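*Asks:* Here's my sequence, what's the structure:
(one chain, ligands or ions: 1)
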Amino acid sequence: MTGPGTAPRDSWATRAGFILAAVGSAVGLGNMWRFAYKASEGGGAAFVVLYIVIVAFVGIPLMTSEFVVGRLAQESPARAVRRLGGRAWGPLGWLFILCGVGILSYYSVIAGWTMRYAFDAVRNAIPSDTSSYFGQVATGWDAVGYHLLFMLLTIWVVAGGVKGGLERGNLIMMPLLFLILIGLAIWAATLPNGGPGYAYYLRPSLDRLLDLTTLASAAGQSFFSLSLGMGALMTYASYLKSKEDLGREAMIVALSDTGVAMTAGLIVFPVMFNFGLDSQITQIGDSTVGALFITLPRGFEQLGRAGDYVDTAFFIMLFFAALTSAISLLEVVVAATVDGIGVSRRRAAIGGGALIALLGLPAAFNTTFLGNLDAVVGQFLLMLGGLLTAILVGYRLLPQADAELAKGLPHAGLRRVWAFLVRYVAPVVLIVVLGFLAKSTWNAVVGLVTFAR
Ligand code: PHE
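*Replies:* Numbers count the residues shown, from 1 in each chain. Just a heads-up that it's a prediction; the model follows:
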């Protein structure tokens with residue numbers, strides 16, 4: 001069961017270590033950079049409401065499923081789906097790997113921006129003209145340099161193993177992240193003119209609630225933010241040995257992730273409105289990708305000296321969030337390589353990481369390419385992976401999966417609710433959303449191919 005490698009399989013030292021790592025994977029750039037701009041595109045509060053509904057009825061049941069399959073399999077998802085589901089499910093394993101590689105390749109570029117911003121914030125070197133500063137930072141050789149540096153760090157942590165790398169890294173970074181986050185939210189509440197920001201963010205507009213565009217973008221965002229659909233959390237759960245309640249663990253992870261996203265919104269929107277930057281979010285238009293990086297530092301700057309500390313704290317927090325997610329993306333690829341070919345973890349981390357670093361180069365030169373890659377892999381393929389996982393667990397593995405879940409969750413009624421959500425609700429929602437996104441995703445694919453030529 002442990003594959004060709006002969007060494008015993010690595011595992012978490014503590015339950016808290018596992019939960020913190022799963023929260024670390026979920027909480028990332030998605031919660032700040034992506035959530036803020038998706039929410040502003042999706043009409044603020046309407047988006048937030050749909051987002052929460054999707055997390056509750058699709059996200060948590062699917063996360064539970066990933067945890068269950070991972071602990072049941074005790075091996076990398078890429079192999080597990082094939083062994084448990086049968087040959088026909090082999091391609092799902094490849095889809096997981098493709099998502100890990102594809103997402104990390106551009107995720108690391110954005111993470112590189114956060115590093116650069118953090119360095120410049122410490123030295124007080126972020127200029128007032130944040131649009132052209134972002135333009136310089138975001139693409140070109142500078143972006144490549146920071147992208148490579150970030151990939152090196154990610155490789156370094158992952159090469160350290162489950163206990164020494166993943167668990168220890170999260171144990172250090174996540175508490176710091178929470179502290180900074182809460183500090184910033186309290187500070188944002190003291191801004192004199194942030195009120196309209198909260199209103200925009202929290203007052204639902206009914207018409208947008210019924211809008212399929214908003215639903216699709218909320219669903220896509222929830223998959224990305226919860227790290228679902230590509231076996232990342234499945235991989236983490238495969239290092240579990242104990243019999244904890246996986247439904248409860250999924251709930252903790254999803255609530256923490258949503259809490260961080262909501263709190264980040266409580267920082268971003270008041271800052272934007274307080275400094276009258278709200279119109280710029282839409283003006284930035286195509287490069288909504290850069291919204292957070294352009295507007296926030298401009299707001300921070302207007303604070304004078306205090307802003308110097310606030311922006312440093314903000315970008316360091318973003319950097320930690322990115323790193324703890326990136327290691328889970330690389331871990332999917334590394335686990336598959338270690339379990340599948342039997343090479344050492346170190347080699348797998350270096351080889352896989354180098355390949356991903358290389359594949360990230362186009363995104364470091366062109367933000368449109370980055371946006372298209374995010375639409376195809378970070379949104380569509382993740383939800384496709386989620387749909388297939390729901391079908392696999394709900395229709396093919398249900399008896400085994402239910403028995404595995406029962407080890408920590410003896411309540412049969414709750415497990416029946418879970419099975420219902422996995423078998424019916426998640427697939428229906430995902431099929432509708434994937435159908436709705438098919439055309440725009442196809443255009444993004446065409447964009448990627450044209451760029452490559
Ligand atoms: N959840 C991470 C974030 O919000 C991104 C991620 C997606 C990580 C998929 C792992 C798997 O930034």
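*Asks:* Indicate whether stretch 318-326 makes contact with the ligand.
*Replies:* Yes. Stretch 318-326 reaches the ligand (CB under 6 Å from any ligand atom) through S325. Placement of C-beta: from N, CA and C, glycine included.
*Asks:* Strands of this structure, start to end?
*Replies:* Per DSSP state E, the chain has no strands. Nothing in it meets that criterion.
*Asks:* what residues does it put near the ligand?
*Replies:* Within the chain, the residues that sit near the ligand (CB under 6 Å from any ligand atom) are 25-26, 28-31, 103, 224-225, 227, 230, 232, 325, 328-329.
*Asks:* repeat that with 5 Å
*Replies:* With CB under 5 Å from any ligand atom as the criterion, the chain meets the ligand at residues A26, G28, L29, G30, S225, S227, A232, S325, S328, L329.
*Asks:* Could you count how many residues lie near the closest residue to the ligand within the stretch 351-453 of the chain?
*Replies:* Evaluated by CB to the nearest ligand atom, the stretch 351-453 of the chain has L382 as its residue closest to the ligand, separated by 6.5 Å. Residues contacting L382 under the criterion other CB atoms under 10 Å number 27.
*Asks:* before we move on, the earlier item: in JSON lines, list the residues of the chain next to the ligand along with neighbour count and pLDDT.
*Replies:* As requested, those are exported to JSON lines (neighbours: other CB atoms under 10 Å; pLDDT from 0 to 100):
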{"residue": "A26", "neighbour count": "29", "pLDDT": "97"}
{"residue": "G28", "neighbour count": "28", "pLDDT": "95"}
{"residue": "L29", "neighbour count": "22", "pLDDT": "93"}
{"residue": "G30", "neighbour count": "27", "pLDDT": "92"}
{"residue": "S225", "neighbour count": "26", "pLDDT": "97"}
{"residue": "S227", "neighbour count": "30", "pLDDT": "98"}
{"residue": "A232", "neighbour count": "30", "pLDDT": "97"}
{"residue": "S325", "neighbour count": "27", "pLDDT": "96"}
{"residue": "S328", "neighbour count": "27", "pLDDT": "97"}
{"residue": "L329", "neighbour count": "27", "pLDDT": "98"}
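*Asks:* Inside helices: which ones of those?
*Replies:* Judged by DSSP state H, helices contain the following of these: A26, L29, S225, A232, S325, S328, L329.
*Asks:* Setting aside sequence neighbours, what's the nearest residue to the fourth one?
*Replies:* Right, A232. Leaving aside its chain neighbours, A232 sits nearest to S328 (4.5 Å; criterion: CB to CB, 6 or more residues apart in numbering).
*Asks:* what does the first one give?
*Replies:* Nearest in space to A26, with sequence neighbours left out and distances taken as CB to CB, 6+ apart, is D257 at 3.9 Å.
*Asks:* Any regions of the stretch 101-250 of the chain where pLDDT drops low?
*Replies:* Across the stretch 101-250 of the chain, nothing is flagged by pLDDT under 70.
*Asks:* That one: helices as residue ranges?
*Replies:* Taking DSSP state H, counting those that start in this stretch, the helices of the stretch 101-250 of the chain run over residues 130-138, 141-159, 168-189, 195-202, 206-209, 212-225, 232-237, 246-274.
*Asks:* Now the longest one: buried residues?
*Replies:* Looking back up the chat, that one is helix 246-274. The neighbour-count check on helix 246-274 (16 or more other CB atoms under 10 Å) flags 246-247, 249-250, 253-254, 256-258, 260-274 as buried.
*Asks:* Kindly report the same for the shortest one.
*Replies:* For helix 206-209, the neighbour count (16+ other CB under 10 Å) marks R208, L209 as buried.
*Asks:* From the contact counts, what lies against it?
*Replies:* Using 3 or more CB pairs under 8 Å, 6 or more residues apart in numbering; DSSP states H and E as the contact test, the elements touching helix 206-209 are helix 45-54.
*Asks:* what's in contact with the helix it packs on?
*Replies:* By CB atoms under 8 Å, 6 or more residues apart in numbering, the surrounding residues in contact with helix 45-54 are 38-39, 41-42, 200-209, 211, 214-215, 217-219, 221-222, 258, 261-262, 265, 429.
*Asks:* if I pick the residue in the stretch 251-400 of the chain positioned nearest to the ligand, what's in contact with it?
*Replies:* Closest approach of the stretch 251-400 of the chain to the ligand (CB to the nearest ligand atom) occurs at S325, with a separation of 4.0 Å. By CB under 8 Å, 6+ apart, the contact list for S325 reads G24, S25, A26, V27, G28, L29, G30, Y107, S227.
*Asks:* go with 10 Å
*Replies:* Applying CB atoms under 10 Å, 6 or more residues apart in numbering to S325 gives the contacts 24-31, 103-104, 107, 111, 154, 224-225, 227, 232.
*Asks:* do A199 as well
*Replies:* G44, A45, F269, F273.
*Asks:* Skipping its backbone neighbours, what lies nearest the third one in space?
*Replies:* It stands for F269. Excluding the flanking residues, the one nearest F269 by CB to CB, 6+ apart is G197, at 3.7 Å.
*Asks:* Tally up the residues packed near the one you found, please.
*Replies:* By other CB under 10 Å, 25 other residues sit near G197.
*Asks:* Cool, thanks, signing off.
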